[in-house]
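Participant: any chance you could fold what I've pasted below:
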Amino acid sequence: MQDLTISLIQSDLYWHDRGANLAQFEEKIWQIEEETDIIILPEMFTTGFTMEVKNNSEPMRTHTFRWMEQMATQKNAVITGSFIVQEGTHYFNRLIWMQPGGDFVCYDKRHLFRMAQEHFHFTSGEEFVITQWKGWRICPLICYDLRFPSWSRNSYLIDKEIMDYDLLIYVANWPLPRIGAWNTLLQARAIENLSYVAGVNRVGMDGNSILYNGHSKVINFKGEVEHNMNTSEGVYTHTLKANELFQYRKKFPSYLDADDVKIM
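Facilitator: Model (predicted):
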């Protein structure tokens, strides 16, 4: 396991305009000059956070999926973010983890934001996902999932002598009035799980006149903010240090005293 380089893209979003959003993210992705392993986009990066699912969803393996496949292969990096996927009569806020060459993993948002009635329009995901890239074990989650620590619980695999994951990713449309919770909970998830955490949020105003002010950030396993993108649009690339993570876990193995809690 070597160091891992990740790129966070913090951007405004065009409301209900997939073509415009894909075009702007393609431009931003090609602005990344450094070699990078993972490129992280916000939640619902093709539409903004909308409940108008019928007019803004798409089947799997069509427009956005193919775009992600193309960009991942051209940049030789994972591309990840969520968009609205339709399967039959069901709609999912689905994160795609797209690897170069077309291999992919899906994660459907588990906790649907009832204050926006997301649970009336989307189907909740049931599977906790851990994927691997460049020797790192990575857990991708979506926005409101951040408020539920039991879902992101990092456990110790005694037989393998490793933890479930080394990097926790949250893609989000997290609004300005609750940005304090975003900042605090990202740090809490890093501390309690002895894991790097990357959170990617959007900026700007959406079609419902809700304001977003970013604060995408990278936090280390001690809960220290290694970089905060604050409130401006931009692309930030950061390298996570594998040896520092493992040395800290060895020095401060609090996970060995954790309670055995399982979601049934």
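
Participant: how close does the closest residue to Cys143 other than its chain neighbours sit to Thr184?
Facilitator: Distances taken as C-beta to C-beta, 6 or more residues apart in numbering put Ala172 closest to Cys143, at 4.0 Å, once the chain neighbours are dropped. No exception for glycine: its C-beta is placed from N, CA and C like everyone else's. As judged by C-beta to C-beta, to the nearest Å, Ala172 and Thr184 stand 14 Å apart.

Participant: which helix or strand lies directly C-terminal to the worst-scoring helix or strand of the chain on mean pLDDT?
Facilitator: Least confident helix or strand, the chain: strand 156-157 with a mean of 70, by mean pLDDT, DSSP states H and E. As assigned by DSSP states H and E, the chain's next helix or strand after strand 156-157 is strand 162-163.

Participant: looking at this, Leu245 is in a strand?
Facilitator: No: counting by DSSP: H, G, I helix; E, B strand; the rest coil, Leu245 falls outside a strand, being helix.

Participant: list of residues touching stretch 117-127?
Facilitator: Residues outside stretch 117-127 that contact it (C-beta atoms under 8 Å, 6 or more residues apart in numbering): 51, 53, 90-94, 107-113, 144.

Participant: one more: stretch 185-196?
Facilitator: Contacts to stretch 185-196, defined as C-beta under 8 Å, 6+ apart, come from residues 146-147, 149, 152-154, 163, 165-168, 170, 197, 199, 217-223, 225, 240, 245, 248-249, 252, 254-255.

Participant: now a ChimeraX select for only the buried ones of those.
Facilitator: To isolate the buried members of the contacts of stretch 185-196 in ChimeraX, using 16 or more other C-beta atoms under 10 Å:
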select :146,152,153,154,163,165,166,167,168,170,197,199,217,218,219,220,221,240,245,249
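
Participant: which of the contacts of stretch 185-196 fall within helices?
Facilitator: Counted as lying in helices by DSSP state H, out of the contacts of stretch 185-196, are Leu245, Tyr248, Arg249.

Participant: the last one and Pro177, how far apart?
Facilitator: Remark: distance between Arg249 and Pro177 (C-beta to C-beta) = 36 Å.

Participant: please enumerate the helices of the chain.
Facilitator: Counting by DSSP H, the helices of the chain are 18-29, 53-56, 63-75, 118-121, 179-193, 242-251.

Participant: quick one: buried residues of the last one?
Facilitator: When you say that, I think you mean helix 242-251. Buried positions in helix 242-251, judged by neighbour count with 16+ other C-beta under 10 Å: Ala242, Leu245, Arg249.

Participant: the longest one too?
Facilitator: For helix 179-193, the neighbour count (16+ other C-beta under 10 Å) marks Ile179, Trp182, Asn183, Leu185, Leu186, Gln187, Ala188, Arg189, Ala190, Ile191, Glu192, Asn193 as buried.

Participant: swap in the fourth one?
Facilitator: Residues Glu118, His121 are the ones in helix 118-121 that count as buried (16+ other C-beta under 10 Å).

Participant: that one - what's its average pLDDT?
Facilitator: Helix 118-121 carries an average pLDDT of 98.

Participant: could I get it in PDB with only the CA atoms?
Facilitator: Taking Å, rounded to 0.1, in the frame of the first residue of the first chain, the C-alpha atoms of helix 118-121 are listed here in PDB:
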ATOM      1  CA  GLU A 118     -36.200  12.500  -0.400                       C
ATOM      2  CA  HIS A 119     -37.700   9.400   1.100                       C
ATOM      3  CA  PHE A 120     -40.900   9.900  -0.900                       C
ATOM      4  CA  HIS A 121     -39.100  10.100  -4.200                       C
END
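
Participant: where in the stretch 151-264 of the chain is pLDDT low?
Facilitator: Scanning the stretch 151-264 of the chain for pLDDT under 70 picks out the ranges 157-161, 262-264.

Participant: ok, 50 please
Facilitator: Within the stretch 151-264 of the chain, not a single segment meets pLDDT under 50.
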